[in-house]
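S.K.: predicted coordinates and the sequence they were generated for:
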Amino acid sequence: MINQIPQINFNPANFNQLLSQYGFIDFVLPFLLIFSLVFMILELSNLLKVSPDDDVGRKLNALFSFGFALLSIYNQNLVRWLLSFIPSATIAIIGFTLIVIVLAITNKKIPSWLRAFFLHFLL
């Protein structure tokens, strides 16, 4: 006897509810954002490294970033602020990226003020 495979209907609204139900949006996304920002800042500043290719310093950066992110998601006010800030920041980053892509495709020289603003916005 052949068993029929049940069909799974994908509904984005249900998927969003599923992510929210398991705490992905409230805890995992802010954790990843804070971890990546702190790790990037520590890597660029070489604060805990002896030399740029120091593996122990990189592990210390990761450990410090992990601990800082865990302590940060405990603060619910910060998590609420991040969750309200992420959509508007994403739209702004996409807009600036599209402007730079269009200027690069058309071989136009990217104005220095736009390049500086874009780099300042990313860093």
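M.R.: Noted; the coordinates are in hand.

S.K.: go through the longest helix along the chain and flag the buried ones.
M.R.: Determined from DSSP state H, the single longest helix within the chain is helix 76-105. In terms of neighbour count (16 or more other Cβ atoms under 10 Å), helix 76-105 has its buried residues at 79, 82. Where you see a C-beta, it was placed from the backbone N, CA and C, and this is true even at glycine.

S.K.: same thing with stretch 25-40?
M.R.: For stretch 25-40, the buried set under the neighbour-count rule, 16+ other Cβ under 10 Å, comprises 26, 29-31, 33-35, 38-39.

S.K.: need those residues in CSV with distance to residue 91 and secondary structure, can you?
M.R.: Shown next, in CSV, are these (distance: Cβ to Cβ, whole Å; DSSP: H, G, I helix; E, B strand; the rest coil):
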residue, distance to residue 91, secondary structure
26, 21, helix
29, 16, helix
30, 18, helix
31, 22, helix
33, 16, helix
34, 21, helix
35, 23, helix
38, 24, helix
39, 25, helix
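
S.K.: now, which of these sits nearest residue 100?
M.R.: residue 33 (22.4 Å; Cβ to Cβ).

S.K.: wait, the closest one touches residue 85, no?
M.R.: No. Applying Cβ atoms under 8 Å, one finds residue 33 not in contact with residue 85, separated by 9.6 Å.

S.K.: just the residues contacting the helix or strand of the chain with the lowest mean pLDDT, thanks.
M.R.: When the helices and strands of the chain are compared on mean pLDDT, DSSP states H and E, helix 112-122 comes out lowest with a mean of 72. Under the contact criterion Cβ atoms under 8 Å, 6 or more residues apart in numbering, helix 112-122 has outside partners 92-93, 96, 99-100, 103.

S.K.: domain parsing for this protein?
M.R.: 30-74, 87-123 (automatic domain parsing).

S.K.: so for residue 22, which of those sits nearest?
M.R.: domain 30-74 (13.5 Å).

S.K.: which residues does residue 109 contact?
M.R.: Going by Cβ under 8 Å, 6+ apart, residue 109 touches residue 103.
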